[in-house]
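Visitor: let's see this in three dimensions:
(one chain, ligands or ions: 1)
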Amino acid sequence: MRFLTAGESHGPGLVALIDGVPAGLAIAPADIDIDLRRRQLGYGRGGRQKIERDAARITSGIRHGRTTGAPIALWIDNRDAVNWERVMSVVPVAEPPDAVTRLRPGHADLAAALKYDLEDVRDVIERASARETAARVAAGAVAKVLLRAIGAEVFSETEAIGDVASVPTFDRERVEASEVRCSDTAAAARMVAAITAAREAGDTLGGIVAVRAGGIPAGLGSHTQWDRKIDGRIAQALMSIQAAKGVMFADAFDAAHERGSRVHDPIAVKDTRFVRSRNRAGGLEGGVTNGEDVVVRVAFKPISTLMDPLPSADLKTGAPAPAHVERSDVCVIPAAGVVAEAMLALVLADALCEKFGGDVAADLVAAVERYRTRLHPIDQRPGK
Ligand SMILES: Cc1cc2nc3c(=O)[nH]c(=O)nc-3n(C[C@H](O)[C@H](O)[C@H](O)COP(=O)(O)O)c2cc1C
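Guide: From the prediction side, this is the model:
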């Protein structure tokens, strides 16, 4: 399974194209729209979320509620596009809009304008914008349906916003009830207060998101080749999210300061199953899932666009100028969690198809069931 996206932030819409989804998988538009809605919620978002009401139009790959094995194409309207028709016109217009030339630190503006020889930073802004994550979330929702078919779930929780931290419990009800997606209500209130204070100061906040995948069978990925190691694939996918600046499995940056005897997860056998007394490996050893929950944490930098802009320069003249300011979020950590779920689900679904066969959903589910009986119970494994 692989996917690509297309679309600009203020163009007519976004496209997600997902190839290699097994045939016969039951998918309803609501499966996708639920996650699109979840991505739009959260304290700290800007005015854009009041304009958009994201929903995916499925234009290919699903008939009468089931995947056909053909590529799945999803279209998400940008409602805001009506306000940007002249700026985003595909054909030249009589009165071209003013070019954006004041570079924004923390954005792709300077690096991409130099790389592509662009004179209007608008050409960078539109595609670098995290509006694109709506297409990722739509694609990820399809991956989640496949994971659910084998009893696997991906879910995230906010672990930190600015300097307010909490310990994720992944309690779905409490997380979804929280406007910052944090199950600890006292910490959540402090997070909201921190966002309000940052907004009042014309400033922004980042944070940490924890993502957990449960019900993932041991054996996804491989220890045999660098590009097949699933930890590397997960890290790449999560790092590609806008503003993501660090990925760690479980508590890797703490574990780096400890002795091995405290860090590695002892192996035991209970009720004919291999079990671990802890999961500090985050469900991965040697680039292979080990049957424990996959637990990853992603650090996001504070949002780059500041209402009180940083000193910068003009792309055309090189003259000093404050950074361009555009409507923007103050903190996106609650939304970033939903995006991280999507990216983790897409990597795991891809690895699942790779191991168990990706043509027919029922065959894949049956193969996983057979495989699970090969693994358990350990004293009845054939030939053992
Ligand atoms: C869900 C989400 C929403 C975002 N919204 C904004 C925003 O409103 N304003 C902004 O300056 N950056 C926003 N960002 C981050 C930028 O898109 C990102 O920092 C920028 O494209 C530069 O890429 P980099 O930070 O990955 O290097 C958002 C990121 C995510 C994940």
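Visitor: make it CA atoms for all contacts and neighbour counts henceforth
Guide: Fine.
Visitor: which pLDDT value goes with the residue of the stretch 201-350 of the chain found nearest the ligand?
Guide: Going by CA to the nearest ligand atom, the ligand is nearest to residue 243 of the stretch 201-350 of the chain, at 3.2 Å. Note on residue 243: pLDDT of 98.
Visitor: same question, residue 30
Guide: 97.
Visitor: cool, and residue 288?
Guide: On pLDDT, residue 288 comes in at 98.
Visitor: can you check residue 48 too?
Guide: So, for residue 48, pLDDT stands at 69.
Visitor: which strands or helices does the helix or strand in which residue 299 is found pack on?
Guide: Assigned by DSSP states H and E, residue 299 falls within strand 294-300. Applying 3 or more CA pairs under 8 Å, 6 or more residues apart in numbering; DSSP states H and E, we find strand 294-300 packed against strand 207-214, strand 244-249.
Visitor: just name the most buried of those strands.
Guide: Highest mean neighbour count of the helices and strands packed on strand 294-300: strand 207-214, a mean of 24 (counted as mean count of other CA atoms under 10 Å).
Visitor: does any part of stretch 21-39 sit near the ligand?
Guide: No: legend: contact between stretch 21-39 and the ligand by CA under 6 Å from any ligand atom is lacking; minimum distance shown is 7.2 Å.
Visitor: show me the one of the helices and strands packed on strand 294-300 that comes nearest residue 96.
Guide: With CA to CA as the criterion, residue 96 lies closest to strand 244-249 of the helices and strands packed on strand 294-300, at 34.3 Å.
Visitor: how much does that closest one deviate in direction from strand 207-214?
Guide: Interaxial angle, strand 244-249 versus strand 207-214 (axes from the mean of the first three to the mean of the last three CA atoms, to 10 degrees): 40 degrees.
Visitor: from the chain's centroid, how far away is whichever helix or strand comes after strand 244-249?
Guide: Downstream of strand 244-249, the next assigned helix or strand under DSSP H and E is helix 252-255. Its chain's C-alpha centre and that of helix 252-255 lie 22 Å apart, by CA atoms, centre = their mean, to the nearest Å.
Visitor: stretch 221-229 too?
Guide: The answer for stretch 221-229 is 22 Å, by CA atoms, centre = their mean.
Visitor: re earlier: the residue of the stretch 201-350 of the chain closest to the ligand: neighbour count?
Guide: 21 (other CA atoms under 10 Å).
Visitor: was I right about it contacting residue 305?
Guide: No: assessed by CA atoms under 8 Å, residue 243 is found out of contact with residue 305, at 11.5 Å.
Visitor: stretch 178-190 vs the ligand: in contact?
Guide: No: using CA under 6 Å from any ligand atom, stretch 178-190 never reaches the ligand; the gap is at least 12.9 Å.
Visitor: now that stretch: average pLDDT?
Guide: What stretch 178-190 shows for mean pLDDT is 98.
Visitor: ends of that stretch, how far apart?
Guide: End-to-end distance of stretch 178-190 (CA to CA, to the nearest Å): 12 Å.
Visitor: which parts of that stretch count as buried, going by neighbours?
Guide: Residues 178, 179, 180, 181, 182, 183, 184, 185, 187, 188 are the ones in stretch 178-190 that count as buried (16 or more other CA atoms under 10 Å).
Visitor: would you mind giving these as JSON lines with secondary structure and distance to residue 54 added?
Guide: Listed next are the buried residues of stretch 178-190 as JSON lines, based on DSSP: H, G, I helix; E, B strand; the rest coil; distance: CA to CA, whole Å:
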{"residue": "178", "secondary structure": "coil", "distance to residue 54": "20"}
{"residue": "179", "secondary structure": "coil", "distance to residue 54": "18"}
{"residue": "180", "secondary structure": "coil", "distance to residue 54": "20"}
{"residue": "181", "secondary structure": "coil", "distance to residue 54": "19"}
{"residue": "182", "secondary structure": "coil", "distance to residue 54": "23"}
{"residue": "183", "secondary structure": "coil", "distance to residue 54": "25"}
{"residue": "184", "secondary structure": "coil", "distance to residue 54": "28"}
{"residue": "185", "secondary structure": "helix", "distance to residue 54": "28"}
{"residue": "187", "secondary structure": "helix", "distance to residue 54": "29"}
{"residue": "188", "secondary structure": "helix", "distance to residue 54": "26"}
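Visitor: pull out the buried positions in the lowest-mean-pLDDT helix or strand in the chain.
Guide: Least confident helix or strand of the chain, by mean pLDDT, DSSP states H and E, is helix 48-51 with a mean of 74. Residues residue 49 are the ones in helix 48-51 that count as buried (16+ other CA under 10 Å).
Visitor: go on, stretch 312-319?
Guide: In stretch 312-319, counting by 16+ other CA under 10 Å, buried: 312, 313, 314, 315.
Visitor: check stretch 279-289 too.
Guide: For stretch 279-289, burial by neighbour count (16+ other CA under 10 Å) applies to 279, 280, 281, 282, 283, 284, 285, 287, 288, 289.
Visitor: just the ones in strands from these, please.
Guide: If you go by DSSP state E, the buried residues of stretch 279-289 have 284, 285, 288, 289 in strands.
Visitor: the first one bridge partners, please.
Guide: Read it as residue 284. Listed beta-bridge partners, residue 284: residue 289 (assigned using DSSP bridges).
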